[in-house]
Structure formats: C-alpha cells, structure tokens
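J.: compute the structure for the input listed below.
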Amino acid sequence: MATYTYEPIDLSKKAIRLLRLFRAVDPEDDIKCEIFQSLLDEDQALNVEYEALSYTWSDAIDEGPRPGKAPGPKRILIQVINDLCTLHVTENLYMALKHLRLPDSDRILWIDAICINQDEHENEKGEKNHQVGQMNIVYSSAQNVIIWLGPGSSAITELFCASAKLHEHAAQQCLLMGQTRLEMWKAVWRSLRPLSEGNAPLLKEHHYDALMTVLRRPWFGRVWVIQEVALAKKATIMCGRASTPTSSFALMPSLLGVEAPKQARALLDVMPSPVRKEERSWWKEKRDLFTVLRKFGNCSSTKPHDRIYALLGISADPHAIKPRYEATEQQVVEDVLKLIIFEHGDLPEGVNLPQWSVNELMTKICSTEHMGGENIEQILLSWAVRKHEMGLAGYLLERQPQFPIPVGTDRARQPTLHLLAETPDSQDLVKDFARRHGMELDFNRRFGSPEVTALQRALNNGNTKVADALSKAQESALEQFKTHFIQGYGDLDPASAARSTEPLLISGQDSDLALRRLLRDDMAYLEMKARYGQTLDLRLILDHVPAVSPPSPTALRLAIESGSKSAIELLIQRGADVNKPSGLGTPLEVAILWADNALVELLLDYKADPSHGFPLHWAVQHGRLTIASRLMAAGADIDAVRDCLTPLEVAIAAKNTQMAALLLVYQDNNNPAMLTDGATEKGTSDGKDASVSANANRDLPHHHDSEVLGKALGKAIVGADDQAVLLLLRHEADPSIGRWSADGPNLWLAASQGYTSVAMSILSRPPPGFDVNERCRPNGTTALHRAAYRGDEDLVRALLEYGADMEIRDNGGATALWAASANGRLKCVHALLEAGADTEVHTQRLSDPGPMTPLAMAKRGGFAKVATLISRHIQARKKKQTLQEDSPSWWATSWTADKQTHQKIKTAPYLAFGVTANTPNRQ
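T.: Alright, predicted model coming up:
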C-alpha cells in the first residue's frame, strides 16, 4: 500500500488541512481518514467547522513541539479518491484516534502531526513557518479543543463524572444573582453533596489521588499546549473514554483542597473556565510577551525556538515576531529583546544585545517572578553595565531613571546609582545619567551590607573616577534644585531668595523629598575630601559638622591612600580608630600595601597595634623588608597564623630568603635597629636597605619553636628552594618534623618530590640528633625507600653513605631494594646491591599471588635488565661463598694478590648493562 503524499497548501491564504475521521462500529477496525484543505476565514466557502486536538506525541514529559517531529510506528489509512494510502503516527496519537472515533458519524479534526506536512524538504519551502504562525487562529476558531491525556482508570472516570455533574448543575443555575461566576460554581459544588447517595462523600480518597495523577500527565509539561488550550472557546479533557468540560475540571484542585503542581496550575488558569473569566486573573490584566514568557518559560520543547514561538499566540502581540526556524537561538533571542525593548525598531548605533541562548533568556526571565516583579529592561541594564556595554546601558538609563536592579535572592533590589558606583570606568554613564535625571535621583539612598550611599560604594571599591562623577553630579543636582527653589520666591530679589533657602540646605530639616535626596551626605563628603588629602576642607567639615565625628574607618583609609600625612594626623586626632579595618584591611595594612614606610611609622607612633589583623603577613607577602623589621620592633607577633601560615612560611612560599632570614634572626632582646635616619616619606633609602640586609644575614638567636621551623622547612622543600633549606637548617630546623602528617618528615618529603639538591642540603648540615631513618608514619617508608622508588641514584648513594639502613621495611614489608626492583630502577638496584642489600627479602601485597622477592617483582614488572642484574649478583655471591667454603686460603691469596682483577670480576655483572659507579643520575 502506497504512502500518503501531501498536496501543496496555499501559503498566500489562511489555508489549513483538516482530517475527516470516519466512523466505525467495531473499535478494532482499521482507522480510516480523509485529508482535505480548508480556509480559516469564516466568510470563505471552504470554511468548515472542526474540533482541534491537543495532546503529546509520546509519554515523555519533555516532549517538544510536534511540527518537525519524526512519526512513530503506528499506521492509519488515508482515503485518496478510490484508493487507500498509509500514514504513520505516534502511539499516543493512534490511541487518541481510536477513542475519538464515533460509531455513528464522522468527525472533523485538526491534528498538527497529520494536518501539517512533516517532510523536511517541504518545510524548507515555508509550510511549517506558515502553519505555526497561524496556530493561534486554528485553536481559537475550533468549535471545541479536545485535550487527550492518555488512558483512563475507574477512579479517573468517577472523578470526571463528578466534574461533569458540577458543570451540568452550574449550567442550570447560571442566572444566580449577586455572585460572581466563580463564587457560583463553588456554591454549586457545596450543594452537590446532599444529592449523592445516602449523603456519602461525592469523592473519596482515591479520587484525590486520581486528580494528582491526571495533573502529572506529560501534557501539562509541554509548551505547545498552552496556546492550544488558552485560545480555545470551549475545551474538553479526555482520559480513555471518560471526558469532562474544562470549565468544571479547572476548579477541581481548589474545590478539593489539592495543591496542583506549578506548571499544571498555570495551565488550569488559562483553560476555558470561570478562573480565566475572573476580572482579577492575570489573563485579563496583562498578556504582553514578557509576562507570558515569565509564566510559561519553564515549559519544555524539543527545539529551543518553540519555547518562544509556542507562546506567541497567547501574547497581546502575537504577530510581532514571525517564526524563523532557520535562525540560530541567539537570533531568536535578539528578536524577542528587540520587540520588548525597541518595539521591533532597528538597534541604535553602538547598542549591542547579549548573545544569550533561549535557555539563558528563559532562566533570567522566569527568575524575575521571584524578585519582586522586575522586567527584562532591569535584567538587561544589569548585564550591560557589568559587561561594559555602555551603549545599551545608556539607552536604557535614558528611558528610565530609577531602575531597581535585582541582587541575590532576598528580593532586595539594587539602586541604579549603586550599580554604576561599583562598576569600574562607568563615570561617563554616571555623568549622562545625572544630566538627564539629576533632580530625580536619590544620591543619599543607602543600600547593601553595610548600608552605604552610592558615593561611598564607589570609594570603597576604589572607583575614584566614578566617585568624582557622582560627587559632581550631586552638587550639580543640588544647584538645579536651588535654582528651582529660588524661582518660587517670585517677589524676592535673587540674593534674598538665596538667603531664604540657605537655612534649609544647611539644616536639612525640609520635608521635601527631592531636597532630602540631593542634600550632601556629610560623612560621604568627608570621605571624598580624605580621598584627595584635602586637610583644610577636612578640618572645616570636622569643625562645623558634629555628625561626622569620629571620622569613619573609610575616611582614614582613603587619607592613607592619598599619602597625606597631615590629613591622617588630623583624622586620628579627631577620633579615627587606628586599628579598625575598612575595605582592604586595617590602617597599618593599607599603609603597607602602599609601601609607605613613613605612614607606617606615623601609625605606629599613634599606637596602631602591629598585631591587630595581619600587618606583618602583609609586609612579608609584599616584600616590605624595612616595614617588617619595624613591625617586629614594635612587637608584632612573628608566629601569628593567617590562612594556616606564619609570616616565616609566607616568606618561604614567596622564595624571599632575605625576608626569611630577617624573621629567623629576630628576637625580643636582640632587635636590630633597622630604621635609620634619612628615610623619605615614601620608600626607603639605600642605607636603610643595606642595614636590613646586613642584619638579615647575621646568625642571631631566635625564638621560633621547632614545629614552626619544621613546617617552614617543609614549605621550602616543596618549593625546591635550596637557599631557604640551608638557611632553615642553619637555624636548626628539624628535618624530622612532619612525621605524623601525610606529608612525612622533611627529608622524606624532599626524596619523595625528587628534590635531590634539597635533600643533599639537609644531609650536608644535619641538626643535632637528626635521624636519617625517620619514617613517614602513615606508610612506614624512609627517605631511602622514596629515593629508590623514584630512581634517584645520587640520593640513594648519599643516604647510604650517611648511614641509612637499607634493610628497614615499610608497613607492607618492602625494603628499598624491593621498591627499586618493583619499579625498574636499574641504577638504584646496582647501588643497593653494591652496598650489600638483602636480595632474599620478600613481601606480599593483596594483589600479589604470594611472597615476592625483589627478583620476582622485577620479573613480574617486565624489567629484564633489573632481573638479570639481581640474578647475576645472587650467582656471584653464591660462587663467592662456594670458593670461601672450598678454598678459603686461595680466596684470601687471590684477593690480596690481584685486587684489580677481583674488582673486575665483582663489577662484571653491572658493566654488562653500561652501569658504573660513576654513571650520572639521569634525574
């Protein structure tokens, strides 16, 4: 039987195809249909009344739009003149057709999967775009929209019967006076209980479960069904053969006290029902595209485009965007943004829109429902400012002066001025924004944690150019206000009018909101003057404005950043706290960051605590040698811990050996006088640096405990810093420190990391009581184990020479020879055998078949040369033992007579592999 071929449709008209579903008495008969064309215009002769089907293609909850979806395996028969052709449909549609088929009459239906040609080649000609573009008319023109939800059950049938009964009784009482339609339906539902048999409950527990089952059907998660049901004049829900009008079913959750899933609740709101007709319904109030996208943007679809196109039909401007399935996601998003922001006009010059995906757009739009009702313009403004898209930001700010920008999830909305204040290089936006809306802006609005004005926010973030722009904008706006205010004194001369306004501007007692917004924030003004070190202005403000005393920590920090010693002294003398942090840290830490030695001295003279916060850490981290010495002289805690690091460890991590030396030689009773005369206000003199260096290299006593030194040594080892290792060893840092940690003792750590020179440094200057055989407690290995494991011949020989015990076994029973053999380290095996390592030692891991000797491990690992070397060594040793047992006098004589010959015999097995005692370590 031939496959059905579609006839082309007239794309110049509102043409559609309709399906005639032929009657069948026997439900098991083949499904037979006829496809014909019609027009949606009611005044056209081809206009035919029909019902439209709303359904899902399959049972998958994430099923997308039906146009373009590949058909399923089920077959229906299409009549073409006197012949029959086949057409394949999905399983769910096949079941829907079987239940929709009537026994005594044909049925005219519009079903997208059948009435729209799904052939991709035809869709390239524009049929799909044409048909999708008029789907809103298709569903709004249908006599009835049938919502097929799949198979039913006895409980669902009973639930639908109760819903249908509600509809029937409500229709009989539709003329009830004095009540809204929704109230009427609720009253009818209450009146139905006495009508049930024996006053038994109309619905029982399993009916509640049936309602939730229906509401969780895949249909409620699809995006295309929204316009299908929202535009319907009348709709019927079907499960199996049971059906009920949506006018009553949409009320069932509220009548039964059931909390419907969010997506289902949104769909129930738009079904033909009393809910949709309520005057308070969002459906009645506002249906612009942004609102619709926010309501239903989380619905699913196979093609991202359809999350937008499927909602066009129910928006207030359904034809504003034409479907373009050939466009990219970013182009579709741009179409939406242009409609909402620019009303489909061209983008102004210099304005760029974000290249969001559809999912990104929907995520941002849907999130606004929980952020106090922001619109897309607020989202775009926030994006534009933070991405430095100043063209778009300027356009948006021109349209709306007071965008509240969403931040966080607590519904707090950031004022626009604060957004601009925290954005670097936004001063031009501030100037333009203030020029357009100066007197409308609230310059004194406080926001954030801590709550600050926009000017303070800019200063705290170090955006001084933006702060300048904000300060000037506020002054300009205040001048504008004065001008308008003076104009109100029409009968007074300008001088008298100005005198009349001055008390208001000084006292700030006026109740005028605009004035309160524009009056200068005195503390912010003080901080602005501090930023530029304007001591005279600071003194004037402090003398005449009691509210700014004591000065804020921010003011002191800004004065320090300005480098003005007089401004700093003035603020401290007027009560500024020299230890209270602001922004970047404490005043001492800020002075250190700016490398200003003179200011450090000044703050210390004013009793700044060198141990408050972590000023010594800052000095060490930034390499301020002179400042570090001065802080220690003032009593800074050299063993303070910040982020798990002492200052010494910070110096070691930065590979600043000179700083580390300074920290090591310092002690309370032998403190080098590092600060000499001749220092400039900023920086250090050459003589001072020389003094610091000279003292740093002296071997003076110290008071660091062994644990601190040991940890610092570990840092030096990890950093492979030979100089720091030698320095720490000179100060008796214990290489054994760390044996209880996962890192292990310091010598072990150096051997494990392959830092041969560092390990050699430790061996060259061991402290008293140093144990070369110190183990790492977690696994029991020694430094010799780790060197042999890594194949470090030089270190293995050095450890052996120092006296390392090569027969120590780790927690698994392995020796150094075993570790070297198991990993194919030929040179290390040679060195250990030469030193007399035991070749018969064996161990057994869980993965081993049995006890394994070094020779067995070499063979198992495929290290043939290592295995041969060990075998020949064993043979040579056995031969030697045999000669000693058979002729000990001969062996002694031959050894004495020809020591050179004996040496050749002894080393022959190794020479065969190119190994000599002088072979360099490749690592």
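
J.: CA atoms only for the one helix or strand Thr868 maps to, dumped as PDB, please.
T.: Counting by DSSP states H and E, the element that carries Thr868 is helix 864-886. What follows is helix 864-886, C-alpha atoms only, in PDB (Å, rounded to 0.1, in the frame of the first residue of the first chain):
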ATOM      1  CA  ALA A 864      64.500  -7.800  32.300                       C
ATOM      2  CA  LYS A 865      67.800  -5.900  32.900                       C
ATOM      3  CA  VAL A 866      67.000  -5.500  36.600                       C
ATOM      4  CA  ALA A 867      66.100  -9.100  36.900                       C
ATOM      5  CA  THR A 868      69.300 -10.200  35.200                       C
ATOM      6  CA  LEU A 869      71.400  -7.900  37.400                       C
ATOM      7  CA  ILE A 870      69.900  -9.300  40.600                       C
ATOM      8  CA  SER A 871      70.300 -12.900  39.300                       C
ATOM      9  CA  ARG A 872      73.900 -12.400  38.400                       C
ATOM     10  CA  HIS A 873      74.500 -10.800  41.800                       C
ATOM     11  CA  ILE A 874      73.000 -13.700  43.500                       C
ATOM     12  CA  GLN A 875      75.100 -16.100  41.400                       C
ATOM     13  CA  ALA A 876      78.300 -14.200  42.100                       C
ATOM     14  CA  ARG A 877      77.500 -14.200  45.800                       C
ATOM     15  CA  LYS A 878      76.900 -17.900  45.800                       C
ATOM     16  CA  LYS A 879      80.100 -18.500  43.900                       C
ATOM     17  CA  LYS A 880      82.000 -16.400  46.300                       C
ATOM     18  CA  GLN A 881      80.500 -18.400  49.200                       C
ATOM     19  CA  THR A 882      81.400 -21.700  47.500                       C
ATOM     20  CA  LEU A 883      85.000 -20.500  46.900                       C
ATOM     21  CA  GLN A 884      85.300 -19.500  50.500                       C
ATOM     22  CA  GLU A 885      84.000 -22.800  51.700                       C
ATOM     23  CA  ASP A 886      86.100 -24.900  49.300                       C
END
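
J.: buried ones in that helix?
T.: Val866, Ala867, Thr868, Leu869, Ile870, Arg872, His873, Ile874, Ala876 (16 or more other C-beta atoms under 10 Å). For glycine as for every other residue, the C-beta is placed from the backbone atoms N, C-alpha and C.

J.: wait, doesn't the second one sit right on Arg860?
T.: No: contact criterion C-beta atoms under 8 Å: Ala867 and Arg860 do not qualify, at 9.3 Å.

J.: apart from its neighbours in sequence, what residue is nearest Ala142?
T.: Ala52 (3.8 Å; C-beta to C-beta, 6 or more residues apart in numbering).

J.: who's in contact with the helix or strand containing the one you found?
T.: Assigned by DSSP H and E, Ala52 falls within strand 51-54. Residues outside strand 51-54 that contact it (C-beta atoms under 8 Å, 6 or more residues apart in numbering) are 96, 100, 107-111, 138-139, 142-148, 219, 225, 228-229, 232, 235.

J.: now do the helices in the stretch 601-750 of the chain.
T.: For the stretch 601-750 of the chain, the helices defined by DSSP state H, counting those that start in this stretch cover 615-621, 625-633, 647-653, 657-665, 686-696, 706-718, 722-730, 746-753.

J.: now mean pLDDT too, for these, in TSV please.
T.: Formatted as TSV, those follow (pLDDT from 0 to 100):
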stretch	mean pLDDT
helix 615-621	89
helix 625-633	89
helix 647-653	85
helix 657-665	83
helix 686-696	39
helix 706-718	73
helix 722-730	75
helix 746-753	82
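
J.: could you dump those helices to a markdown table with distance to Asp428 and mean neighbour count?
T.: Shown next, in a markdown table, are the helices of the stretch 601-750 of the chain (distance: least, C-beta to C-beta, whole Å; neighbours: other C-beta atoms under 10 Å):
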| stretch | distance to Asp428 | mean neighbour count |
| --- | --- | --- |
| helix 615-621 | 35 | 28 |
| helix 625-633 | 38 | 24 |
| helix 647-653 | 41 | 27 |
| helix 657-665 | 43 | 24 |
| helix 686-696 | 44 | 16 |
| helix 706-718 | 47 | 23 |
| helix 722-730 | 49 | 22 |
| helix 746-753 | 53 | 26 |
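
J.: now for those, which one comes closest to Thr882?
T.: Set against Thr882 and scored by C-beta to C-beta, the helices of the stretch 601-750 of the chain come closest in helix 746-753, at 37.8 Å.

J.: next secondary structure element downstream of that closest one?
T.: Using DSSP H and E, the first helix or strand after helix 746-753 is helix 756-764.

J.: and that next one with helix 722-730, angle?
T.: Between helix 756-764 and helix 722-730, the angle comes out at 20 degrees (axes from the mean of the first three to the mean of the last three C-alpha atoms, to 10 degrees).

J.: the helix or strand just after helix 756-764 packs against which elements?
T.: Moving toward the C-terminus from helix 756-764, the next helix or strand (DSSP H and E) is helix 783-790. Helix 783-790 makes packing contacts with helix 746-753, helix 793-802, helix 816-822, helix 826-834 when contacts are defined by 3 or more C-beta pairs under 8 Å, 6 or more residues apart in numbering; DSSP states H and E.

J.: one more time with 7 Å, if that's ok
T.: Counting contacts by 3 or more C-beta pairs under 7 Å, 6 or more residues apart in numbering; DSSP states H and E, helix 783-790 packs against helix 746-753, helix 793-802, helix 816-822.

J.: now tell me which helix or strand of the chain has the poorest mean pLDDT.
T.: Among the helical and strand segments of the chain, the one scoring lowest on mean pLDDT, DSSP states H and E is helix 686-696, with a mean of 39.

J.: ok, so of the buried residues of helix 864-886, who is nearest Asn298?
T.: The nearest member of the buried residues of helix 864-886 to Asn298, counting by C-beta to C-beta, is Val866 at 64.3 Å.

J.: hmm, back to that, export the helices of the stretch 601-750 of the chain to JSON lines and tack on distance to Leu361?
T.: JSON lines is the format used below for the helices of the stretch 601-750 of the chain (distance: least, C-beta to C-beta, whole Å):
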{"stretch": "helix 615-621", "distance to Leu361": "44"}
{"stretch": "helix 625-633", "distance to Leu361": "52"}
{"stretch": "helix 647-653", "distance to Leu361": "45"}
{"stretch": "helix 657-665", "distance to Leu361": "53"}
{"stretch": "helix 686-696", "distance to Leu361": "59"}
{"stretch": "helix 706-718", "distance to Leu361": "47"}
{"stretch": "helix 722-730", "distance to Leu361": "54"}
{"stretch": "helix 746-753", "distance to Leu361": "50"}
